[in-house]
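[1] Attaching a predicted model along with its sequence, questions to come.
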Amino acid sequence: KAKELGANDYYFYNSDLKVRLERKISLTTKLAKALEENDIKVYFQPLIDLKSGKITGAEALARWQTDTSRFIRPDEFIEAAEESGLIGTLGDHVLNKSCENLRKWHDAGFENLTMSVNLSVKQMNDQNLVTKTKNALKKYSLKPTDLVYEITENVAMKDFDATLALFKELSGLGVKISMDDFGTGYSSLAYLKQFPLNSIKIDKVFLQNIPENEKDNNLIKGIVWMAKSLGLNVVAEGVENKFQSEFLREIGCNGCQGYYYSRPLPEDEFFDYLKAVRRDE
Ligand code: C2E
Ligand code: MG
Ligand code: MG
Ligand code: MG
């Protein structure tokens with residue numbers, strides 16, 4: 001009986017692997033085509049200053065719109081892009097689109113807005129990242145301080161020395177660095193004093209049960225207190241309701257982002273959103 005089960009397990013494992021591999025290959029082929037045909041869109045989600053309630057910037061989030069007008073989220077395709085080497089093209093596209101849109105917003109009178117762009121492991125290892133960054137900023141007449149790179153702990157800790165060197169180079173230029181998904185990675189807190197960080201972004205898992213859950217409340221309070229004591233800006237992601245936003249403001253969290261304010265929007269809708277918010281002020 002046991003042997004039978006074992007054989008079955010093996011069979012399922014094997015076919016599962018095959019299916020996954022085939023899926024991955026077809027995903028890579030489709031992704032290459034999507035990049036060529038400009039089907040990878042960049043959406044923008046506003047970042048809000050909790051004290052003033054004003055928009056301080058946006059995070060660029062990649063979206064893949066398939067022919068059936070279905071959207072494939074980055075969690076599904078970033079990994080495929082990394083493994084196939086397409087992440088370079090994808091990353092360049094996101095950086096370029098982000099700077100292009102930020103230029104447009106600045107020209108429309110929203111001069112103080114910043115742009116946050118996510119970086120994956122392979123992008124961090126790209127020897128040309130600094131040059132690409134400088135070029136994009138120059139092309140759209142933006143200041144290095146207009147740009148924020150978001151890196152997750154796992155990505156940053158992969159090679160500590162290389163990360164430190166890169167962060168120093170970027171922050172030397174004036175580009176800001178934010179630690180994304182803070183609190184969920186495999187890392188030690190020691191890096192907080194060594195990396196030249198501008199801000200941390202508290203992961204949305206910590207937000208889910210506040211303000212009902214006393215432990216989560218205290219955990220967030222502690223994170224905010226610690227980060228601010230180290231001179232860092234604290235941003236919370238995944239804010240979905242008024243209670244969360246009020247709680248965060250009360251405990252001194254600097255910024256936040258989430259569906260409560262707006263979902264990530266296509267470039268035109270984001271631009272309309274900016275103008276609508278200004279009209280209401
Ligand atoms: P992230 O950088 O932590 O981005 C935040 C994610 O939370 C986004 O998911 C966003 O749509 C989602 N989100 C925002 N507000 C809320 C909320 O109120 N509730 C909930 N439940 N979720 C919210 P998304 O767009 O699916 O992106 C997932 C991850 O993929 C990102 O996490 C980022 O690590 C990566 N990613 C996205 N775009 C890019 C890109 O252009 N380049 C790279 N390298 N990575 C990207
Ligand atoms: Mg991010
Ligand atoms: Mg995040
Ligand atoms: Mg994330």
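    Received it, and whenever you're ready, just let me know what you need. Ligands and ions are numbered 1, 2, ... in the order given.

[2] gap between the most centrally placed residue in the chain and ligand 1?
    Residue closest to the average C-alpha location in the chain (Cα atoms, centre = their mean): Asn118, at 4.2 Å. According to Cβ to the nearest ligand atom, to the nearest Å, Asn118 and ligand 1 sit 4 Å apart. Heads up, the C-betas are built off the backbone N, CA and C, glycines and all.

[3] who does that residue bridge with?
    Beta-bridge partners recorded for Asn118 (DSSP bridges): Glu150.

[4] Tell me if I'm right that it and Val155 touch.
    No: counting by Cβ atoms under 8 Å, Val155 is not a contact partner of Asn118; they are 9.4 Å apart.

[5] wait, what's in contact with the residue nearest to the centre of the chain?
    59-61, 94, 149-151, 180 (Cβ atoms under 8 Å, 6 or more residues apart in numbering).

[6] what's the answer for Phe44, then?
    Residues near Phe44 by Cβ under 8 Å, 6+ apart: 58-61, 101, 264-265, 267, 270.

[7] give me the residue from the stretch 151-281 of the chain nearest ligand 1.
    Gly258 (3.2 Å; Cβ to the nearest ligand atom).

[8] How about that residue, nearest residue that isn't a chain neighbour?
    Val239 (3.2 Å; Cβ to Cβ, 6 or more residues apart in numbering).

[9] Next: Lys221.
    Ile251 (5.1 Å).

[10] Ser229 versus the residue nearest to the centre of the chain, what's the distance?
    27 Å (Cβ to Cβ, to the nearest Å).

[11] ok, Ala102 to ligand 2 distance?
    No Ala there; residue 102 is Leu. Separation of Leu102 from ligand 2 (Cβ to the ion, to the nearest Å) stands at 16 Å.

[12] If you count neighbours, what's buried in the host helix or strand of that residue?
    Following DSSP states H and E, one finds Leu102 within helix 87-107. By neighbour count with 16 or more other Cβ atoms under 10 Å, helix 87-107 contains the buried residues 87-88, 90-99, 101-103, 105-106.

[13] ok so, going back, most surrounded residue in the contacts of Asn118?
    The residue in those with the most neighbours, by other Cβ atoms under 10 Å, is Asp180 (26 neighbours).

[14] my read is that one is in a helix, agree?
    No: counting by DSSP: H, G, I helix; E, B strand; the rest coil, Asp180 is located in no helix; its state is strand.

[15] For it, give the beta-bridge partners.
    According to DSSP bridges, beta-bridge pairing links Asp180 with Thr152.

[16] residues contacting it?
    118, 150-153, 201.

[17] could you pull out the strands for this structure?
    40-49, 55-65, 71-72, 114-118, 147-152, 176-182, 199-202, 233-237, 255-257 (DSSP state E).

[18] Just send these back as TSV, with distance to Leu164 and mean pLDDT too.
    Output for the strands of the chain, formatted as TSV (distance: least, Cβ to Cβ, whole Å; pLDDT from 0 to 100):
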stretch	distance to Leu164	mean pLDDT
strand 40-49	26	97
strand 55-65	24	96
strand 71-72	34	84
strand 114-118	19	98
strand 147-152	12	97
strand 176-182	11	97
strand 199-202	17	97
strand 233-237	20	98
strand 255-257	25	98
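
[19] which bits of the stretch 51-200 of the chain sit near ligand 2?
    By Cβ under 5 Å from the ion, the residues of the stretch 51-200 of the chain that approach ligand 2 are 118, 150, 180.
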